[in-house]
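A.B. asks: sequence-free structure coming up:
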C-alpha cells in the first residue's frame with residue numbers, strides 16, 4: 001500500500017467531521033462578482049470563489065504541470081467507450097448539500113440526477129450565459145431541446161428526457177455523444193457545478209445569492225462591491241493534500257502530508273479591483289495572498305525577482321501565465337483581410353515587424369513574455385519546441401512588403417497599398433496608461449517597416465461588442481487558457497462570430513482542429529497543434545503578442561499554496577500557521 005493510500009485510509013477511519021479551525025481566517029482580494037449561481041455567473045472571479053461552494057465531478061490536478069482531471073465528487077475516472085462516444089461516471093455516495101429550507105429539514109444527498117439537471121442548466125439558452133453551442137451539439141438529442149427553448153416565449157423543458165444525458169441509477173451518470181470530443185467533455189466535467197433543483201425553484205430570482213452546494217465552504221456574507229465571506233462546511237468530507245512525483249513539489253507535499261483538510265475555517269474576500277491597493281494591503285499584512293500583474297508587482301521585485309528582503313521574511317512568489325494577449329485581424333476587412341498572397345504577405349510583415357520582447361519589457365514591465373503560439377504552457381497540445389521562438393525581423397518584413405506590391409510610398413514616406421491608395425492600419429484597444437504605451441510601441445514598430453498606424457481606445461464592453469460584430473480592422477484581445485486547449489476553436493470556421501472574431505475560414509485548420517477534438521492521446525494532439533501552428537504562422541489571422549504573467553505573493557504563514565493559471569479554487573488545500581500570523585501582526 002502506498003503512502004498516499006495509507007493517508008487516505010487514515011482519513012477514512014477518522015471519520016468525516018470537519019477539520020477546519022474557526023480561528024484560521026484566510027484574507028484575500030477579489031474582483032467584484034456578478035452571481036453565485038454556477039450556471040449564470042459570467043466572470044472568472046465568480047468561478048474562482050463559486051467552486052469553493054459548488055462541486056463538479058472532477059477538478060484539475062492541483063500540483064500537475066500539465067493538469068489532468070482528478071475526481072472531485074466522482075468515484076473514479078470516467079469510463080469511456082473505445083470510440084469516445086459514451087462517458088459513464090460513478091458518483092461518490094454520501095455527499096450532501098449544505099442545509100436549505102427547500103430540503104424540509106432532511107439531509108439531501110448528491111445524486112446523478114443533480115448533474116443531469118445541472119448540465120441542462122449550463123445549456124439553457126435563456127439563462128445569462130446563453131448556453132454552450134459546442135456541448136448542445138455534442139450530446140445526443142440535446143440540440144433539439146435547446147432550439148425549442150429559443151423560440152419566442154419558450155423555456156427549456158427540464159423534465160423532457162434527453163437520449164444522451166441520463167442517470168442510469170442513483171449514483172451513475174451517462175453521456176452519449178454525437179462524436180468523440182475530448183476537450184469539450186473534459187471542460188464540461190470540470191466546469192459544471194452541481195445544484196439541487198428544489199433550491200433553484202424555491203429561490204427564483206434569489207438564486208444569484210442563495211448558494212447551496214456540496215463544496216468545502218458555504219456563503220456566510222456578501223456585500224456587493226465590498227466584501228464576501230465563506231465559512232467551512234461542517235459536513236464536508238475530510239481531504240488529504242494531493243501527492244506529486246515532481247521534485248519541485250516535494251517540500252510542499254512533505255509539509256502538508258498527513259493534514260486533515262480543509263483546515264481554514266473562514267475565508268474573507270475584500271473586493272479590490274486595482275493592483276496598487278492590493279499591493280498596499282499585502283505589504284501591511286492585511287492580505288495573506290496578493291495576485292498582481294504588470295507594473296503592480298514591481299514594488300515587490302528587484303531585478304525581476306522577489307526582493308531579497310521580502311524573501312528573508314519568508315514571503316514567497318509564484319509566477320505563472322495569466323492570459324495570452326493577441327492582435328486579431330478582421331479577415332473580411334479590405335485592407336488587412338483576405339487569403340490572397342498580397343494580404344497574407346501584409347499580415348506576415350506586420351507580425352515580423354512587431355517587437356514582442358520589447359513590449360514584454362517596456363509595456364508590461366517585464367511581467368510578460370513573447371507568445372510563441374495560441375496555447376499557453378500546461379494546456380493540452382502546447383508545443384514546448386516553440387518556446388523562446390522570436391519572429392521580430394524588420395528586414396524580412398520590409399522585403400516581404402516590397403515583393404508583394406507594397407513598395408510604393410506616399411509623400412509622408414509611408415507605404416501605399418498595391419492599388420496606389422493610402423494604406424492605414426487601425427488597431428482598437430482598451431483605454432488606460434498601459435494601452436497607450438502599447439499603442440506607442442506599435443506605432444514605432446510599424447513606422448520602421450513603412451506602415452502607418454492609427455488607434456481607437458474604447459471601453460471593454462464596446463471592444464467586445466464591436467469585435468463580435470466585425471466592426472474593427474485589428475483588435476487586441478486577451479484569452480485565458482484552459483488545460484483542454486479549447487481556445488483553438490477561436491479560428492474554427494463553424495464557430496459564431498463572438499468566438500471566431502477574425503472570421504477566419506480554412507479547411508486545413510478545421511480538419512486539424514476536428515482531429516484534435518477527437519484525439520485522446522497527448523502525442524497525437526501535439527501533432528495536430530503543430531499543423532495548426534503552421535497554418536496560423538502562414539496566414540496570420542491572429543498574432544499572439546505576449547503571455548501576460550501573474551505573480552502570487554504569499555505571506556510566510558500560508559501553507560500549501562501553489563500558484564496556477566488553471567487551479568484557481570484551491571482554498572481547501574491551504575493551512576495557516578496562526579502563531580506566525582499573530583507574531584507578524586505584533587511587529
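C.D. replies: Done, it's in. Since this is a predicted model, take the numbers as computed values, not measurements.

A.B. asks: what's the neighbour count on residue 23?
C.D. replies: 12 (other C-beta atoms under 10 Å). Using the backbone N, CA and C atoms, a C-beta is placed for each residue, glycine as well.

A.B. asks: got a list of what it touches?
C.D. replies: 265, 578 (C-beta atoms under 8 Å, 6 or more residues apart in numbering).

A.B. asks: Please name the nearest non-neighbouring residue to residue 33.
C.D. replies: Spatial nearest neighbour of residue 33, excluding adjacent residues (C-beta to C-beta, 6 or more residues apart in numbering): residue 46 at 4.7 Å.

A.B. asks: right, and the secondary structure at that neighbour would be what?
C.D. replies: helix (DSSP: H, G, I helix; E, B strand; the rest coil).

A.B. asks: Quick check: it touching residue 35?
C.D. replies: Yes - using C-beta atoms under 8 Å, residue 46 makes contact with residue 35 at a distance of 5.9 Å.

A.B. asks: between these two, who's got more neighbours?
C.D. replies: residue 46 (21 against 18).

A.B. asks: related to what we said a few turns ago, name the residues contacting each of residue 46 and residue 35.
C.D. replies: Joint contacts of residue 46 and residue 35 (C-beta under 8 Å, 6+ apart) do not exist.

A.B. asks: so what's the nearest residue to residue 386 once chain neighbours are set aside up against?
C.D. replies: Leaving aside its sequence neighbours, residue 386 sits nearest to residue 372 (C-beta to C-beta, 6+ apart; 4.2 Å). By C-beta under 8 Å, 6+ apart, residue 372 lies in contact with 383, 386-389, 544.

A.B. asks: Columns secondary structure and distance to residue 356 on top of those residues, output as CSV?
C.D. replies: What follows is the contacts of residue 372, written out as CSV (DSSP: H, G, I helix; E, B strand; the rest coil; distance: C-beta to C-beta, whole Å):
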residue, secondary structure, distance to residue 356
383, coil, 17
386, helix, 13
387, coil, 13
388, coil, 12
389, coil, 10
544, strand, 8
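
A.B. asks: Write the PyMOL selection for whichever of those residues are buried.
C.D. replies: To isolate the buried members of the contacts of residue 372 in PyMOL, using 16 or more other C-beta atoms under 10 Å:
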select buried, resi 383+544
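
A.B. asks: okay if I get the contacts of residue 372 as JSON lines plus distance to residue 172 and pLDDT?
C.D. replies: Shown next, in JSON lines, are those (distance: C-beta to C-beta, whole Å; pLDDT from 0 to 100):
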{"residue": "383", "distance to residue 172": "38", "pLDDT": "94"}
{"residue": "386", "distance to residue 172": "42", "pLDDT": "92"}
{"residue": "387", "distance to residue 172": "42", "pLDDT": "85"}
{"residue": "388", "distance to residue 172": "47", "pLDDT": "77"}
{"residue": "389", "distance to residue 172": "47", "pLDDT": "79"}
{"residue": "544", "distance to residue 172": "42", "pLDDT": "95"}
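
A.B. asks: Out of the contacts of residue 372, which comes closest to residue 471?
C.D. replies: residue 544 (22.5 Å; C-beta to C-beta).

A.B. asks: For that closest one, which non-adjacent residue is spatially closest?
C.D. replies: residue 371 (3.5 Å).

A.B. asks: Can you give me the pLDDT of that neighbour?
C.D. replies: Residue 371 carries a pLDDT value of 95.

A.B. asks: got a list of what it touches?
C.D. replies: 324-326, 356, 544-547.

A.B. asks: Pull the residues that contact whichever helix or strand residue 524 is part of.
C.D. replies: According to DSSP states H and E, residue 524 maps onto helix 522-539. Applying C-beta under 8 Å, 6+ apart, the contact partners of helix 522-539 are 66, 339, 344, 347-348, 373-375, 380-383, 386, 485, 488, 491, 504, 506, 508-509, 512-513, 515-516, 519, 542.

A.B. asks: So which of the residues you listed are in strands?
C.D. replies: The members of the contacts of helix 522-539 that map onto strands under DSSP state E are residue 542.

A.B. asks: And residue 575, how close does it get to residue 242?
C.D. replies: 14 Å (C-beta to C-beta, to the nearest Å).

A.B. asks: what does residue 117 give?
C.D. replies: Taken as C-beta to C-beta, the span from residue 117 to residue 242 is 30 Å.

A.B. asks: for residue 299, same thing?
C.D. replies: 33 Å.

A.B. asks: What residues of stretch 57-73 count as buried?
C.D. replies: For stretch 57-73, burial by neighbour count (16+ other C-beta under 10 Å) applies to 57-64, 67, 69-73.

A.B. asks: let me redo that: stretch 432-443
C.D. replies: By neighbour count on 16+ other C-beta under 10 Å, the buried set for stretch 432-443 is 434-435, 437-439, 441-443.

A.B. asks: mean confidence for it?
C.D. replies: Rounded mean pLDDT across stretch 432-443 is 92.

A.B. asks: Check stretch 150-164 too.
C.D. replies: On average, stretch 150-164 scores 96.

A.B. asks: same deal with stretch 478-498?
C.D. replies: Stretch 478-498 comes out at a mean pLDDT of 88.

A.B. asks: Show me which residues of that stretch are buried.
C.D. replies: For stretch 478-498, by 16+ other C-beta under 10 Å, it's 479, 481-492, 495.

A.B. asks: Looking at those, which one is closest to residue 261?
C.D. replies: residue 483 (22.6 Å).

A.B. asks: gap between that closest one and residue 46?
C.D. replies: For residue 483 relative to residue 46 (C-beta to C-beta), the value is 20 Å.

A.B. asks: again, but for residue 25
C.D. replies: 22 Å.

A.B. asks: cool, residue 312 as well?
C.D. replies: For residue 312, the distance to residue 46 - C-beta to C-beta - is 37 Å.

A.B. asks: Check residue 465 too.
C.D. replies: From residue 465 to residue 46 the distance is 21 Å (C-beta to C-beta).

A.B. asks: per-residue confidence for the closest residue to residue 346 other than its chain neighbours?
C.D. replies: Closest residue to residue 346 apart from its sequence neighbours, by C-beta to C-beta, 6+ apart: residue 336 at 6.2 Å. At residue 336, the pLDDT value in this model is 97.

A.B. asks: got a list of what residue 336 touches?
C.D. replies: Contacts of residue 336 by C-beta under 8 Å, 6+ apart are 329-330, 343, 346-347, 350, 425, 473-474.

A.B. asks: can you list those in a markdown table and add distance to residue 122?
C.D. replies: Shown next, in a markdown table, are these (distance: C-beta to C-beta, whole Å):
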| residue | distance to residue 122 |
| --- | --- |
| 329 | 32 |
| 330 | 31 |
| 343 | 39 |
| 346 | 41 |
| 347 | 36 |
| 350 | 38 |
| 425 | 39 |
| 473 | 35 |
| 474 | 33 |
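
A.B. asks: So which of the residues you listed wins on neighbours?
C.D. replies: Of those, with other C-beta under 10 Å as the count, residue 329 tops at 30 neighbours.

A.B. asks: which residues pair with that residue across the strands?
C.D. replies: residue 474 (DSSP bridges).

A.B. asks: pretty sure it contacts residue 501?
C.D. replies: No - counting by C-beta under 8 Å, residue 329 stays clear of residue 501, with 9.7 Å between them.

A.B. asks: which residues of the stretch 351-500 of the chain fall in helices?
C.D. replies: 356-358, 394-403, 433-447, 460-469 (DSSP state H, counting those that start in this stretch).

A.B. asks: can you list the contacts of residue 371 in TSV and add distance to residue 216 and secondary structure?
C.D. replies: Formatted as TSV, the contacts of residue 371 follow (distance: C-beta to C-beta, whole Å; DSSP: H, G, I helix; E, B strand; the rest coil):
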residue	distance to residue 216	secondary structure
324	31	strand
325	34	strand
326	36	strand
356	40	helix
544	36	strand
545	38	strand
546	35	strand
547	31	strand
